[in-house]
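In: Starting from these lines, generate the structure:
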Amino acid sequence: MKFTELNQLPTEPVSHNPAIQKKVMLRLGDLPHLTNFAQAQFAPGQVAAAHSHRDMCEVFFVEAGTGVIQIDDRSYPLHTGVCIAVEPNETHEITNTGTEELVLTYFGLRVDVA
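Out: Numbering: from 1, shown residues only. A predicted model of the protein is given here:
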């Protein structure tokens, strides 16, 4: 069992843009197949640069704010209540296009790579 409380966790930088801060509730090794479970906060205009993951999928849930996620060559709007699943090898980039903080809760799951 692992118990965490979001408001008690320290912030740390997101790997794809160190200016974006996150709080990690669960990390690699805490549960089978889970790579992380975290909440990130994007200030207006902040971007998590385009990247992909060969060995994991990611699920993003929008808690607050607005933005856009670009997956391969297509853009999808982000607003409160939206859930997006990104498959392995899909290039994705997240941008806060709004005037308020974009808050994403997300997790990654490892996939078998042959």
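In: what residue ranges in this protein score low on pLDDT?
Out: Low-confidence segments of the chain, defined by pLDDT under 70: 114.
In: So which bits of stretch 15-23 are buried?
Out: Ile20, Gln21, Lys22, Lys23 (16 or more other CB atoms under 10 Å). Using the backbone N, CA and C atoms, a C-beta is placed for each residue, glycine as well.
In: what sits against the first one?
Out: Residues in contact with Ile20, defined by CB atoms under 8 Å, 6 or more residues apart in numbering, are Pro13, Val14, Ala40, Gln41, Phe42, Ala43, Gln46, Ala48.
In: One more pass at 7 Å, please.
Out: Ile20 is in contact with Pro13, Val14, Ala40, Phe42, Gln46, Ala48, counting by CB atoms under 7 Å, 6 or more residues apart in numbering.
In: now do the third one
Out: Lys22 makes contacts with Thr11, Glu12, Val14, Ala38, Gln39, Ala40, as judged by CB under 7 Å, 6+ apart.
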